[in-house]
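**Student:** Pasted the sequence and its predicted model underneath.
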Amino acid sequence: MEFTSLVFYIFSAILLLASLRVITAKNPVHAALSLVLAFFTAGCLWMLLEAEFLAITLVLVYIGAVMVLFLFVVMMLDINIEEMRRGFWENLPLAALVAILMMVEMATVLGGSRFGLTPPAPKPADYSNTRELGLQLYTDYVYPFELAAVILLVAMVAAIALTLRRRPGRKWVDPAEQIKVKRNDRLRLVSMAPQKPAAPKAAEEEEA
Amino acid sequence: MTPLNLTPALPEIFVLALACVVLLVEAFSKKPEWSYTLTQLTLVGAGAITLLTAEAGKVYAFNGMFVDDLMGDVLKLVSYAAAIVAVAYSRAYLSERAMFRGEYFVLVLFAVLGMMVMISASHFLTLYLGLELLSLSLYTLVALQRDSMVASEAAMKYFVLGALASGFLLYGMSILYGMTGSLELTKVVAAVEQGSSSLLAFGLVFVVAGLAFKLGVAPFHMWVPDIYHGAPSAVTLFIGSAPKLAAFAIVMRLLVDGLHPAVGDWQQMLAIMAVLSLMIGNLAAIMQSNLKRMLAYSTIAHMGFLLLGVLADSYAGYSAAMFYVITYALMSLGAFGMVVYLSRAGFEAENLDDFKGLNARHPWLAAVMAMVMLSLAGLPPFVGFYAKLTVLQALVGAGWLWLAVIAVIFSLIGAFYYLRVVKLMYFDAPHANDLAPSGEADVRALLSLNGLGVLVLGLVPQPLLALCAYAIQTSIQ
């Protein structure tokens, strides 16, 4: 067995175990941490496939940003997941049986040989994945790329339209109005006639 | 790499730019009236651009991901028209329910953009992205009435089932990609011609299931009645009209443009789904007491009829299906438009009982509704009759006599519930709860035009039929 195959099987085993832990862990924090492990191992597998840029992006974006956010939310909300999926363990044997059966059935139809797969020739050492990806993305695939951006825009509009509520009686400051304020709006000069202080008299009485 | 040619995609670019402008105008002016006007102008402008750039023959752009042909142009033009009419009908309804906001118009424009992308897609990737753009906008539109429990529930159901359908479609596409080595429909069709295998059938099953979900045909129809019923009527009006054209377009692009060598496989699947849809749609519609639900089941039956045209697998069949979907959009706009028009603040004219004795109070509205219902039932001289007739002719011409017989039988059964609406309006005593139309003169005129359109197209169906036939012949090889 080649060394890379060995590494592949080890990483795959870790990935499968981590994914299993994600759905079976009773503590949501543990589940999130397993998901981090699964993402990282998937990144390693991509590295084996010579997709370095994607592997690093996966680690940076999913583990660095998304999963950290997930962990924060999970820790803050303090939800009891076990309560929410009480039926999970009861249905697990039957569900597992169905899943395994489906897997076997699909494996018989979808064997790798039917796709006529041949491993691609390895690229030379100075081949830049990032450059190729950038070229493809902004030339041949610019149309789907822009469409994906529009979908994200719609998601943003949707999220705001569905969750933004303007509560009545909320106190807030409008910076635009704030900087437009004039001296006369805040300060009032009042001309007063000079007055004699009446205090000394009172002080004398106290002394007496 | 080929030089970038943006001209064929000019309408898409125009709609995208103007949708962003509407978003900004809404944010700064806070006047929904402006968004409304701008939205209508955008759709009219897109129509003008599409008309000016329309030409016979296929033009590919963006490295074969985008195709501009006459079938696409006609479907796009009808989609704009449907969106314009739907938005115009909804104006009063929306402002009575605090939904007359810029988001509604922005989402409608993005949904239209999604439909345009789907109609012009010649690549699995753009097809899928267009579908997601449309679906995402529609989910949000359904949920826009936040305080309504029914609408939120409908949006949730729509979202979960829609995501499942997208998953099906994507899985099927990935299998086909693995088999053919390309995502481009022109290359996929060449690769499939080389040799078909059990793998092709496997991928095809998933693709057809995903498409069936999106079209709303049995046995993937469960979402249709709930979403049509739960969504605000103005949104149902939109969902029920223009997206059907886009769904027809992706069926044509995927099955006819991309997988035509596997026609024997998908014909059988479509035949089963068509028969089931005709059966379930027409029989279940009889039991309904809610007009929106009844029309939802009628949609299922009509989409089944549409599949009959596609599976006939001939130019006549495809153009009959195209004619069918265009006229269906027109009738659907009329039927749901009436529901929206007769509703008022705090009251939804959605139960069949609400239409009792409409003739006594508002004879002209009753006449328009009757025309639309008779057309949906497929009675001459209305356009629904010709739509059904051309599909049946193509079906018999292709040798599917037994399917044509089943379709006729179930159409006869289906005529019952459309005629019941007519009977309620003309022969029953008026309901105590009087319907008070919103009373906008322009909407009333548009609704009348819509009803008369059903009649006029029925009397002179030739131009539209000829246009469909010509568009299909220049677009399908």
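**Tutor:** Here it is on my side, so go on.
**Student:** Could you check how many residues crowd around residue 178?
**Tutor:** Since no chain was named, I'll use chain A. Residue A:178 has 8 neighbouring residues, counting by other C-beta atoms under 10 Å in any protein chain shown. Bear in mind the C-beta positions are built from the backbone N, C-alpha and C, glycine included.
**Student:** not quite, I wanted chain B
**Tutor:** Neighbours of residue B:178 using other C-beta under 10 Å come to 16.
**Student:** Other residues contacting the strand or helix carrying residue A:152?
**Tutor:** Using DSSP states H and E, residue A:152 sits within helix A:142-163. Residues outside helix A:142-163 that contact it (C-beta atoms under 8 Å, 6 or more residues apart in numbering or on different chains): A:137-138, B:4, B:9, B:16, B:20, B:23, B:62-63, B:65-66, B:101, B:103, B:106-107, B:110, B:113, B:117, B:123, B:125-126, B:129-130, B:132-133, B:136-137, B:139-140, B:143-144, B:146.
**Student:** What parts of chain A come near chain B?
**Tutor:** A:109-110, A:114-115, A:139-144, A:147-148, A:150-151, A:153-155, A:157-158, A:160-162 (C-beta under 8 Å from any C-beta of the partner chain).
**Student:** Can I get the helix or strand harbouring residue B:200 as CSV, trimmed to CA atoms?
**Tutor:** Assigned by DSSP H and E, residue B:200 belongs to helix B:198-215. Extracted in CSV, the C-alpha atoms of helix B:198-215 (Å, rounded to 0.1, in the frame of the first residue of the first chain):
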residue,chain,number,x,y,z
SER,B,198,-28.2,2.3,-16.0
LEU,B,199,-26.3,5.2,-14.5
LEU,B,200,-28.0,7.6,-16.8
ALA,B,201,-31.4,6.2,-15.7
PHE,B,202,-30.3,6.6,-12.1
GLY,B,203,-29.4,10.2,-12.5
LEU,B,204,-32.4,10.9,-14.6
VAL,B,205,-34.8,9.7,-11.9
PHE,B,206,-33.4,12.2,-9.5
VAL,B,207,-33.5,15.0,-12.0
VAL,B,208,-37.1,14.3,-13.0
ALA,B,209,-38.1,14.0,-9.3
GLY,B,210,-36.6,17.4,-8.6
LEU,B,211,-38.3,18.9,-11.6
ALA,B,212,-41.6,17.4,-10.6
PHE,B,213,-41.3,18.9,-7.2
LYS,B,214,-40.8,22.3,-8.7
LEU,B,215,-43.6,21.9,-11.2
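**Student:** how about it, does it reach chain A?
**Tutor:** Yes. Counting by C-beta under 8 Å from any C-beta, contacts between helix B:198-215 and chain A involve B:198, B:199, B:202.
**Student:** What subset of these is buried?
**Tutor:** Burial by neighbour count, 16 or more other C-beta atoms under 10 Å in any protein chain shown: within the residues of helix B:198-215 next to chain A this picks out B:199, B:202.
**Student:** In CSV: the residues of helix B:198-215 next to chain A, plus pLDDT.
**Tutor:** Output for those, formatted as CSV (pLDDT from 0 to 100):
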residue, pLDDT
B:198, 77
B:199, 81
B:202, 86
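**Student:** ok so, going back, ok now the very next helix or strand once past the helix holding residue A:152, how far from the chain's centre?
**Tutor:** Tracing the chain C-terminally past helix A:142-163 and defining elements by DSSP H and E, one meets helix A:175-179 next. Mean C-alpha position of helix A:175-179 versus that of the full chain (C-alpha atoms, centre = their mean, to the nearest Å) differs by 34 Å.
**Student:** Please name the residues that touch residue A:169.
**Tutor:** No contacts exist for residue A:169 under C-beta under 8 Å, 6+ apart.
**Student:** try residue B:90
**Tutor:** Counting by C-beta under 8 Å, 6+ apart, residue B:90 has contacts B:104, B:234, B:237, B:238, B:340.
**Student:** Out of the residues you listed, which sit inside helices?
**Tutor:** Among the contacts of residue B:90, the members found in helices (DSSP state H) are B:104, B:234, B:237, B:238, B:340.
**Student:** Closest to residue B:278 out of those?
**Tutor:** residue B:237 (24.0 Å; C-beta to C-beta).
**Student:** How much space separates the closest one from chain A?
**Tutor:** 19 Å (C-beta to the nearest C-beta, to the nearest Å).
**Student:** Ramachandran coordinates for residue B:314?
**Tutor:** phi -150, psi 160 (degrees, to the nearest 10).
**Student:** can you check residue A:110 too?
**Tutor:** phi -100, psi 40.
**Student:** And the one 10 residues further on, by the same measure?
**Tutor:** Taking degrees, to the nearest 10, you get phi -70, psi 150 for the backbone angles of residue A:120.
**Student:** for residue B:344, same thing?
**Tutor:** Dihedral angles for residue B:344 - degrees, to the nearest 10 - are phi -140, psi 180.
**Student:** Number of residues surrounding it?
**Tutor:** Residue B:344, neighbours per other C-beta under 10 Å, totals 16.
**Student:** Can you tell me how far residue B:349 is from chain A?
**Tutor:** Relative to chain A, and taking C-beta to the nearest C-beta, residue B:349 is found at 26 Å.
**Student:** Stretch B:58-66: which residues count as buried?
**Tutor:** Going by 16+ other C-beta under 10 Å, stretch B:58-66 has these buried residues: B:58, B:60, B:61, B:62, B:63, B:64, B:65, B:66.
**Student:** cool, and stretch B:280-290?
**Tutor:** B:280, B:281, B:282, B:284, B:285, B:288, B:290.
**Student:** Please enumerate residues in contact with it?
**Tutor:** Stretch B:280-290 has contacts (C-beta under 8 Å, 6+ apart) with B:218-219, B:221, B:225, B:229, B:294, B:297-304, B:350-353, B:410-411, B:413-414, B:416-417.
**Student:** Centre-most residue in the chain?
**Tutor:** Unless you meant another one, I'm taking chain A. Nearest residue to the geometric centre of chain A (C-alpha atoms, centre = their mean): residue A:66, 2.5 Å.
**Student:** that's the other chain; I wanted chain B
**Tutor:** residue B:244 (1.7 Å).
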